[in-house]
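Colleague: Whatever this is, show me its structure:
(2 chains)
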Amino acid sequence: MVSDINVPTAMKNFIEELKWRGMYHQSVDGIETELNKGMAVGYIGFDPTADSLGIGNMVQIMTLLHFQKCGHKPIALVGGATGMVGDPSGKSAERNLLDEETLNYNIACQRVQLEQFLDFDCGENSAEIVNNYDWFKDFGFLDFIRDVGKHITVNYMKAKDSVKKRIDGDNKEGMSFTEFTYQLVQGYDFYHLWKNHNCLLQLGGSDQWGNITTGTEMIKRLGGGKGYAVTTPLITKSDGTKFGKTEEGNLWLDGKKTSPYAFYQFWLGASDDDAPGYIRIFSTQSKEELDALEATHQQDPARRILQNALADEITERVHGKTALELAKEASGILFKKEARKADFERLPDDLLDAVFKDVPQTTIPRDVVTSGTAIIDFLSDHTGFLRSKGEARRALKENSVSLNKKKVNDGYTVSEEDLVKGRFVFIQRGKKKQFIVNVE
RNA sequence: GGGGAAAUACUCAAGCGGUCAACGAGGACAGACUGUAAAUCUGUUGGCUACGCCUUCGUAGGUUCGAAUCCUGCUUUCCCCA
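Modeller: Numbering: from 1, shown residues only, chains lettered A, B, ... in the order given. Coordinates of the predicted model:
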């Protein structure tokens, strides 16, 4: 390795790194030796099924980042071609295909996000982004089945889990020829990168093992070389629900789809059981630093040191420092027990707007408030915060409704005095369900 | 093609002519305790002008004083025989 100031990190053992981070699932033998020889090139593919990457994709992004931090060169592949076929892995039924325009848009969006994470200007191990559409667009069907298909047997393809489940499984759905062929397309990607980018490793989630090994098989048969595979385990939550989803659905990296505040809250809300595992994966801090942090956390779990560190680091990485500060500011105001109407009054308007941008809200005519409205009608009919009067009554009975951080009961009448800065009311049901009512 | 069974709320699942807005479990939400954690305990989980009324048990009709419950058509799903 050249002694260049642009080379940020000394070579580290990537496999060791994955292991202590709990990100190692399985690998093809020999990869560790291969990586120890010096800088290597590895890649992960991303499926352009949406116009933003989600938190679920972050494990793979972090894998690439850790890979780069160990001194290797990461390639992120966006699946312009594979997206047109549809990966059957983990799917029990045939998928619908996206049209080309949508795919292109999705790819463009994802590309921008990937660029936030990886370092594209650090000398020889700078990251790269490639699109497999580039080498598939001119690859004709006949050429493909002659040059690629000929080398892989159907027997081999049928043995893959993703295929077997659909053909022989208990609830066999059948599968189209298109999806059956998918592994060849992804496999060929690996071969292409191996041949043209000197890429010897494909990384991915454990569900990708079958597709990756089809690639190594192709490298062996078509190129007479050796490709390697390393997979990461599925991230789980201690309560068994799916990681990266909330009530509202997927959490996205795109600030327009999932606000920085909601993003920050997701990580901050991690349970004690999950936090140590998450921070190992999603933080770039060293083992020593994280061990120390965890030890401090254990001494006084109530301070939620791990959750805070985790939320801070990831939110800043994805949304930037300013957005993080705002998210924290908002969290402080919306969650702190001592917060009162006066706290809202105190804040300057522009900051207040930024803080509340992420809280669901509605606007109602001013006279609803000024003329005095019963709290039940206010919560349901006028604002739609609660779905029905029945629900509003229930919530009030449970003593769970607060107006501007103050609990109210069902005899309460909303009046002009409840307006903060003369223009909005902040309501909550419990701690986490928050809402803003503006008047005009 | 022939025969049989089933369809109930977010999910699973009771109910077999009135006492059913519909047992129970899970989930979800809230309260207490906390730390925006977990566990635990408690409450809620169709709507309303609310001791009453209205709409809901696949769908459309019918029988009946009265139907989620019985009958008929339709739709969908599952099973068995060809």
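Colleague: Give me every residue in the stretch 251-400 of chain A lying close to RNA strand B.
Modeller: Contact residues, the stretch 251-400 of chain A versus RNA strand B (C-beta under 7 Å from any atom of the strand): A:265, A:268-269, A:271-273, A:301-302, A:304, A:307, A:331-332, A:335, A:337, A:380, A:387-391, A:393-395, A:397-400. Using the backbone N, CA and C atoms, a C-beta is placed for each residue, glycine as well.
Colleague: buried residues in the helix or strand where A:Gly215 lies?
Modeller: Using DSSP states H and E, A:Gly215 falls within helix A:209-223. Buried residues in helix A:209-223, counted by 16 or more other C-beta atoms under 10 Å: A:Trp209, A:Gly210, A:Asn211, A:Ile212, A:Thr213, A:Thr214, A:Gly215, A:Thr216, A:Glu217, A:Met218, A:Ile219, A:Leu222.
Colleague: With stretch A:420-427 instead?
Modeller: In stretch A:420-427, counting by 16+ other C-beta under 10 Å, buried: A:Val420, A:Phe424, A:Val425, A:Phe426, A:Ile427.
Colleague: Please name every helix or strand in contact with the helix or strand that contains A:Arg166.
Modeller: Secondary structure assignment for A:Arg166, by DSSP H and E: helix A:161-167. If you count contacts as 3 or more C-beta pairs under 8 Å, 6 or more residues apart in numbering; DSSP states H and E, helix A:161-167 packs onto helix A:154-158, helix A:177-197, helix A:209-223.
Colleague: State the mean pLDDT of the second one.
Modeller: Right, helix A:177-197. Mean pLDDT, helix A:177-197: 93.
Colleague: Would you mind writing the CA trace of that helix as PDB?
Modeller: Presented in PDB, the C-alpha positions along helix A:177-197 are these (Å, rounded to 0.1, in the frame of the first residue of the first chain):
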ATOM      1  CA  PHE A 177     -39.300 -18.500 -16.200                       C
ATOM      2  CA  THR A 178     -38.300 -14.900 -15.700                       C
ATOM      3  CA  GLU A 179     -37.800 -15.200 -11.900                       C
ATOM      4  CA  PHE A 180     -36.200 -18.600 -12.400                       C
ATOM      5  CA  THR A 181     -33.600 -17.000 -14.600                       C
ATOM      6  CA  TYR A 182     -32.900 -14.200 -12.000                       C
ATOM      7  CA  GLN A 183     -30.000 -16.000 -10.400                       C
ATOM      8  CA  LEU A 184     -28.200 -16.100 -13.800                       C
ATOM      9  CA  VAL A 185     -28.500 -12.400 -14.200                       C
ATOM     10  CA  GLN A 186     -27.200 -11.600 -10.800                       C
ATOM     11  CA  GLY A 187     -24.600 -14.300 -11.100                       C
ATOM     12  CA  TYR A 188     -23.400 -12.800 -14.300                       C
ATOM     13  CA  ASP A 189     -23.100  -9.400 -12.600                       C
ATOM     14  CA  PHE A 190     -20.500 -10.900 -10.300                       C
ATOM     15  CA  TYR A 191     -18.700 -12.500 -13.200                       C
ATOM     16  CA  HIS A 192     -18.700  -9.200 -15.000                       C
ATOM     17  CA  LEU A 193     -17.300  -7.300 -12.100                       C
ATOM     18  CA  TRP A 194     -14.800 -10.000 -11.500                       C
ATOM     19  CA  LYS A 195     -13.600  -9.800 -15.000                       C
ATOM     20  CA  ASN A 196     -13.700  -6.100 -15.500                       C
ATOM     21  CA  HIS A 197     -13.300  -4.600 -12.100                       C
END
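Colleague: quick check: angle from that helix to helix A:209-223?
Modeller: 60 degrees (axes from the mean of the first three to the mean of the last three C-alpha atoms, to 10 degrees).
Colleague: returning to what we had before: so which of the helices and strands packed on helix A:161-167 is nearest RNA strand B?
Modeller: helix A:177-197 (20.2 Å; C-beta to the nearest atom of the strand).
Colleague: Quick check: next helix or strand after the closest one?
Modeller: Assigned by DSSP H and E, the successor of helix A:177-197 is strand A:199-205.
Colleague: What is the nearest of the buried residues of stretch A:420-427 to RNA strand B?
Modeller: For those, the nearest to RNA strand B is A:Ile427 (12.3 Å; C-beta to the nearest atom of the strand).
Colleague: and the strand or helix carrying A:Asp367, which residues are buried?
Modeller: Here A:Asp367 sits within helix A:366-370, counting by DSSP H and E. Residues of helix A:366-370 classed as buried under the neighbour-count rule (16+ other C-beta under 10 Å) are A:Val368, A:Val369.
Colleague: what about it, average pLDDT?
Modeller: 91.
Colleague: What lies in contact with it?
Modeller: Contacts of helix A:366-370 with the rest of the structure, by C-beta atoms under 8 Å, 6 or more residues apart in numbering, involve A:Phe378, A:His382, A:Val414, A:Ser415, A:Glu416, A:Asp418, A:Leu419, A:Val425, A:Val439, A:Glu440.
Colleague: export the helices and strands packed on helix A:161-167 to JSON lines and tack on distance to A:Lys357?
Modeller: Formatted as JSON lines, the helices and strands packed on helix A:161-167 follow (distance: least, C-beta to C-beta, whole Å):
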{"stretch": "helix A:154-158", "distance to A:Lys357": "50"}
{"stretch": "helix A:177-197", "distance to A:Lys357": "40"}
{"stretch": "helix A:209-223", "distance to A:Lys357": "40"}
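Colleague: of all the ones you listed, which lies closest to A:Phe141?
Modeller: A:Phe141 lies closest, by C-beta to C-beta, to one member of the helices and strands packed on helix A:161-167: helix A:177-197, at 10.3 Å.
Colleague: can you give me the angle that closest one makes with strand A:199-205?
Modeller: Using the same axes, to 10 degrees, helix A:177-197 lies at 140 degrees relative to strand A:199-205.
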